[in-house]
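[1] Build the 3D model from these lines:
(chains A and B)
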Amino acid sequence: METATVERKKDELKTCEPQVNTRIFVPQADVYESQDKIFVMADMPGVSEDSIDIVLEKNVLTIQGKTTPLEIEGMRLAHCEVPPGNYRRVFMLSDEVDQDAIEATIKNGVLKLTLPKPEKAKARKITVVAE
Amino acid sequence: MLFQELVSPSFFDTRQMNILHNRLNNLLSSVAAHDSEFPLLNTYISEDKALVVAEIPGVDIEDIDLQVVNKTLTLKAERKHEDVSEDSHWYRRERVSGQFSRVIELPFAIDADDVKATCNQGILKIELPRAQADLPRKISIQSV
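    Below is the predicted model:
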């Protein structure tokens, strides 16, 4: 390969996202719907409000959470059930969601998304008028 | 071949049987851990202390109960349901709730007075110092 091409490849490598060699977990989630809202709850322990990333693109809602691996010096891992890793899960939204009004909160490692339904999608009771 | 091995006394060698037993146990425990256990936990150990890190998302600190007896740590927790209004319905329910308990056997006795536990972002860290009486002591040898 020519030197110029090699240099360009190197530049490309620098600009793309650094690869992280960790696992990606799919957080367990609850989804339920009330009359005017849809709620999504996802278990993401170790994720703070700064390390969470929620992206909405068209109807695809992606939640990503980064965890910082625990730095423990002078101790050995004797038993491991949770290897280090990040969280990622993708949800498809229906048109019945007011995309501008989505709210997200995180508490005790549980992410809660509130997806309000727009006015027109709300269930309405139709009163029957006797003629 | 196999028949010969079976009848030979070395096949029933206890040491080998123990190794086999342990391997089977490890295999089974690693499968179970990801299926139904809650909370999941990691255990770190050094000469003079142990650290247990448990993932307990959605559990309030008041609902955690820790007990230490000798070598054993018992972690009990309760994860409460979300308050869901009656007219709502579920699409997906993967997050388990209710009461949980896990018992962790450590390789040494614990100084129960000095156990520290902190909880942040759904991760519970329990520091368990080794009991003084249980610490290894160096014995000096005197020449006669």
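[2] Need the phi and psi values for the one residue in chain B that gets nearest to chain A.
    Chain A sits closest to B:Gly122 of chain B, with a gap of 1.9 Å, by CB to the nearest CB. Heads up, the C-betas are built off the backbone N, CA and C, glycines and all. The phi/psi pair for B:Gly122 (degrees, to the nearest 10) reads phi 80, psi 10.
[3] tell me the contacts of it?
    B:Gly122 makes contacts with A:Asp43, A:Met44, A:Pro45, A:Gly46, A:Asn108, A:Gly109, A:Val110, B:Glu55, B:Ile56, B:Pro57, B:Gly58, B:Val59, as judged by CB atoms under 8 Å, 6 or more residues apart in numbering or on different chains.
[4] quick one: which of the residues you listed is most hemmed in?
    Tallying neighbours with other CB atoms under 10 Å in any protein chain shown puts A:Met44 at the head of these, with 29 neighbours.
[5] what residue is smack in the middle of the chain?
    No chain specified, so I'll use chain A. Taking CA atoms, centre = their mean, the centroid of chain A lies closest to A:Ile63, which sits 1.0 Å from it.
[6] Not quite, go with chain B.
    Nearest to the mean C-alpha position of chain B, by CA atoms, centre = their mean, lies B:Ile104 at 3.6 Å.
[7] Just confirm that one is within a helix.
    No - under the criterion used here (DSSP: H, G, I helix; E, B strand; the rest coil), B:Ile104 is strand, not part of a helix.
[8] Okay, and the beta partners of the residue lying closest to it once chain neighbours are set aside?
    Excluding the flanking residues, the one nearest B:Ile104 by CB to CB, 6 or more residues apart in numbering or on different chains is B:Leu73, at 4.5 Å. Legend: beta-bridge partners of B:Leu73 under DSSP bridges are B:Val68, B:Ile104.
[9] so A:Asn21 sits in a strand?
    No - read with three-state DSSP, A:Asn21 is coil and lies in no strand.
[10] Confidence-wise, which helix or strand of chain B is lowest on average?
    In chain B, the helix or strand scored least confidently by mean pLDDT, DSSP states H and E is helix B:2-7, which has a mean of 56.
[11] what's downstream of the particular helix or strand that has B:Asn18 in it, the next helix or strand?
    Taking DSSP states H and E as the criterion, B:Asn18 maps to helix B:14-35. Going down the chain from helix B:14-35, the next helix or strand is strand B:40-45, by DSSP H and E.
[12] ok now do the spatially closest residue to A:Ala29 that is not a sequence neighbour, which residues does it touch?
    The shortest distance from A:Ala29 to any non-neighbouring residue, by CB to CB, 6+ apart, is to A:Ala42 (4.4 Å). A:Ala42 sits next to A:Pro27, A:Gln28, A:Ala29, A:Asp30, A:Ile63, A:Tyr87, A:Arg89, A:Val110, A:Leu111, A:Leu113 when contact means CB under 8 Å, 6+ apart.
[13] Please name the bridge partners of A:Ala42.
    Per DSSP bridges, the residues bridged to A:Ala42 are A:Ala29, A:Leu111.
[14] Could you verify my assumption that A:Lys37 touches A:Pro116?
    Yes - applying CB atoms under 8 Å as the test, A:Lys37 and A:Pro116 come out as touching, 5.1 Å apart.
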